[in-house]
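Visitor: Have a look; sequence and predicted model below, questions after that.
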Amino acid sequence: MSGNRTGGTPGERDEPVRRKGAAGAGGDGDSDSGAVPPADGAPPAGGGLGAGGPDGPGGAGGAAGPDRAAGPGGMARAPEACAGRAGEGPPSYEERLARAALTRIMEPGDERAGRWLRAHGPVGLLELLRQGSTAAGPGATGEITGGTSRPSRSPRPGGTTGAGALPGMTAARLSGYRMRAVAAEPERDLDAVGAAGGRFVCPGDREWPSQLDDLGDARPVGLWVRGLPDLRLWALRSVALVGARACSPYGAHMAATLGAGLAERGWVVVSGAAFGVDGAAHRGALGAGGATVAVLACGVDAVYPRGHAELIRRMAEQGILVAELAPGSHPTRSRFILRNRVIAALTRGTVVIEAQYRSGSLVTARCAQRLGRFTMGVPGPATSGLSAGVHELLRGEGVLVTDAAEIVELVGGMGELAPERRGPTVPHDLLDRGAAAVLEALPRQGPVEVRDVAREAGTSVEEALGRLYELHSLGFVEREGDAWRPIPVRRRNDDARRGGT
């Protein structure tokens with residue numbers, strides 16, 4: 001793959017991913033940012049997998065444990081319960097509250113807000129947004145109050161205010177952020193997710209999947225999680241299955257079969273809980289008694305789509321629900337597109353099953369490619385518009401896969417190889433060249449003399465007679481007096497259904 005790492009190991013990346021325009025369902029836009037040097041004391045943009053834990057699903061539940069002192073909403077407040085990556089320590093209680101508030105203020109995937117967060121920290125950024133500091137003009141500081149700008153009485157100690165503190169901020173944008181900031185009640189949100197059996201996971205927590213740090217400034221501020229298993233441990237061995245909502249019966253069958261096959265091999269299936277391919281992949285994993293994670297474009301306490309209420313309930317009990325948005329948040333078109341980057345970054349590889357040219361599933365695949373993850377596609381009929389986007393992906397850097405074994409061969413460890421596939425071996429294949437030539441010389445109907453067989457096979461009468469007796473002992477021919485004839489071979493259908501094994 002040109003420009004991509006082919007190792008597919010989460011936590012290794014060549015460069016920060018730049019968010020594409022999310023207005024169109026499959027459209028690519030230009031990044032609104034350039035490279036920004038990290039602020040002093042800020043975490044590095046890259047990251048690796050968590051340092052410890054078994055490389056597989058299961059493990060300690062993230063909701064409770066002897067080393068987690070729970071605060072509001074199941075928050076882990078004990079420092080020893082957190083093991084952050086280099087340069088980023090366990091979050092304090094104040095920082096956790098600030099991050100919870102910011103998930104209600106900022107939209108997911110906002111790289112400009114991510115740079116503000118990296119420069120000021122969650123507590124400092126929340127304070128700036130609540131104060132409404134902005135610039136009245138070049139080199140000036142001011143405060144937005146009721147839509148008007150007036151000079152600040154004193155600058156922020158040790159730093160700048162306004163445009164210097166939040167570059168790119170406008171009065172209109174700050175006004176919207178400020179209304180959200182005033183209405184944000186992080187303690188209430190944490191209590192709400194705790195009542196639903198969930199928790200809030202921050203960067204620096206032991207449960208934080210550090211491969212999400214590959215997103216750079218587009219990294220989630222925090223994750224709202226429902227489900228007992230540990231998200232980081234499950235994400236270490238996970239694969240994303242995505243595709244069309246209005247999929248065909250073929251697409252639903254392949255998604256369910258692949259989900260079940262991956263679950264049977266101990267892999268976690270990650271998708272978006274939408275109709276079509278997403279729902280079929282989740283059901284396949286659950287039906288096989290496996291692990292599955294749903295990354296939602298709304299709050300973890302919301303049920304969307306309504307038709308998947310029972311499926312989402314089962315995933316909350318047997319799997320994990322993940323969301324960037326605070327409890328009670330509703331989905332929007334842009335939020336669906338932007339949550340795809342989390343699916344791509346969280347997993348070792350992304351498999352696309354049925355996608356048109358303009359499809360949100362292809363956004364996930366492109367993001368996975370930029371992050372150096374594996375991208376795979378399941379082919380469909382050449383005449384199917386639902387598979388047109390998948391075929392275009394396969395013409396580029398995508399890898400064609402048809403079953404779970406081929407997926408695991410690509411994303412798994414050394415030695416996890418798919419079985420070699422070849423056509424069935426028939427008894428005729430086991431004959432040596434001389435015996436095969438004599439057998440082919442026999443006509444399909446009616447007996448024939450040995451002399452005629454020898455002439456057709458291009459050999460002597462003695463050699464032909466010896467080969468005929470050899471074929472007779474193997475059940476290929478029968479004798480009628482001095483003549484020989486072949487025994488008809490019954491044909492059998494050796495076509496095997498593909499997908500799960």
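Guide: Received, thanks. Owing to the predicted nature of the structure, the values given are computational and were not obtained by experimental measurement. Residues are numbered from 1 along each chain as shown.

Visitor: which helices and strands does the longest helix seen in the chain pack with?
Guide: Ranked by number of residues, the top helix in the chain under DSSP state H is helix 111-131. Judged by 3 or more CB pairs under 8 Å, 6 or more residues apart in numbering; DSSP states H and E, helix 111-131 is in contact with helix 93-105, helix 171-183. (C-beta placed from N, C-alpha, C; glycine too.)

Visitor: Show me the contact partners of the first one.
Guide: Put plainly, it is helix 93-105. 71, 73, 75, 77, 91, 117, 121-123, 125-126, 129, 177, 180-181, 183-187, 189-190, 200, 202, 221-222, 224, 324-326, 329 (CB atoms under 8 Å, 6 or more residues apart in numbering).

Visitor: now that helix against helix 171-183, angle please.
Guide: Helix 93-105 runs at 120 degrees relative to helix 171-183, counting by axes from the mean of the first three to the mean of the last three CA atoms, to 10 degrees.

Visitor: What are the buried residues along helix 93-105?
Guide: Of the residues in helix 93-105, those buried under the neighbour-count criterion (16 or more other CB atoms under 10 Å) are Glu95, Arg96, Leu97, Ala98, Arg99, Ala100, Ala101, Leu102, Thr103, Arg104, Ile105.

Visitor: for the stretch 301-450 of the chain, what are the low-confidence residue spans?
Guide: Within the stretch 301-450 of the chain, no stretch has pLDDT under 70.

Visitor: ranges for the strands of it?
Guide: Across the stretch 301-450 of the chain, reading from the start of the chain, the strands by DSSP state E, counting those that start in this stretch fall at 320-323, 349-353, 374-378, 399-400, 448-449.

Visitor: list the helices and strands the last one packs on?
Guide: Counting contacts by 3+ CB pairs under 8 Å, 6+ apart, strand 448-449 is packed against strand 483-486.

Visitor: same question, the third one
Guide: Other elements packing on strand 374-378 under the criterion 3+ CB pairs under 8 Å, 6+ apart are strand 349-353, helix 360-370, helix 388-395, strand 399-400, helix 404-411.

Visitor: what are the pairing partners of that strand, and which direction each?
Guide: Strands flanking strand 374-378 in the sheet, each with its direction: strand 349-353 (parallel), strand 399-400 (parallel) (DSSP bridges).

Visitor: Dump those to CSV, plus distance to Ser359 and mean neighbour count.
Guide: Converted to CSV, the strands paired with strand 374-378 look like this (distance: least, CB to CB, whole Å; neighbours: other CB atoms under 10 Å):
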stretch, distance to Ser359, mean neighbour count
strand 349-353, 8, 30
strand 399-400, 18, 15
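
Visitor: could you redo these as JSON lines and give each row distance to Leu228?
Guide: Conversion of these to JSON lines gives the following (distance: least, CB to CB, whole Å):
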{"stretch": "strand 349-353", "distance to Leu228": "26"}
{"stretch": "strand 399-400", "distance to Leu228": "34"}
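
Visitor: closest one to Ala240 among those?
Guide: Comparing these by their distance to Ala240 (CB to CB), the top pick is strand 349-353, with 4.3 Å.

Visitor: what comes into contact with that closest one?
Guide: Looking at what lies outside strand 349-353 - CB under 8 Å, 6+ apart - the contacts are 8, 239-244, 247, 251, 254-255, 258, 277, 281, 343-344, 361-362, 364-365, 368, 373-378, 389-390, 393, 398, 401, 407, 410-411.

Visitor: so that strand versus helix 360-370, what angle?
Guide: In this structure, strand 349-353 runs at an angle of 150 degrees to helix 360-370, with the same axes, to 10 degrees as the basis.

Visitor: Could the C-alpha coordinates of strand 349-353 be exported in CSV?
Guide: The C-alpha coordinates for strand 349-353 follow below in CSV (Å, rounded to 0.1, in the frame of the first residue of the first chain):
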residue,chain,number,x,y,z
GLY,A,349,-8.9,-3.5,10.2
THR,A,350,-12.2,-2.5,8.4
VAL,A,351,-14.2,-4.8,6.2
VAL,A,352,-16.8,-3.2,3.8
ILE,A,353,-19.7,-5.3,2.8
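
Visitor: Could you count how many residues lie near Ser175?
Guide: Under the neighbour criterion other CB atoms under 10 Å, Ser175 is assigned a count of 14.

Visitor: do you know how far it is from Leu346?
Guide: With distances defined as CB to CB, to the nearest Å, the gap from Ser175 to Leu346 amounts to 34 Å.

Visitor: now Val352
Guide: For Val352, the distance to Leu346 equals 16 Å [CB to CB].

Visitor: now swap in Ala195 and tell me
Guide: Plainly put, Ala195 is 26 Å away from Leu346 if you go by CB to CB.

Visitor: Neighbour count for the two, which is higher?
Guide: When Ala195 is set against Leu346 and neighbours are counted by other CB under 10 Å, the residue ahead is Leu346, at 27 against 12.

Visitor: tell me the contacts of that one?
Guide: Listed by CB under 8 Å, 6+ apart, the contact set of Leu346 reads Pro10, Pro209, Gln211, Leu212, Ala235, Ser238, Ala240, Val270, Val293, Val295, Val322.

Visitor: if we go to 6 Å?
Guide: Leu346 makes contact with Pro209, Ala235, according to CB atoms under 6 Å, 6 or more residues apart in numbering.

Visitor: Tell me the bridge partners for the residue nearest the centre of the chain.
Guide: For the chain, Ala240 is the residue whose C-alpha lies nearest the centre (CA atoms, centre = their mean; 2.9 Å). With DSSP bridges as the criterion, the beta-bridge partners of Ala240 are Val270, Thr350.

Visitor: Touching, it and Val342? I think so.
Guide: No. Counting by CB atoms under 6 Å, Val342 is not a contact partner of Ala240; they are 9.9 Å apart.

Visitor: Could you pull out the buried residues of stretch 247-256?
Guide: With burial defined by 16+ other CB under 10 Å, the residues of stretch 247-256 counted as buried are Cys247, Ser248, Tyr250, Gly251, Ala252, His253, Met254, Ala255, Ala256.

Visitor: in the stretch 151-300 of the chain, which spans are helices?
Guide: Applying DSSP state H, counting those that start in this stretch to the stretch 151-300 of the chain gives helices spanning 171-183, 186-195, 231-235, 249-264, 277-287.
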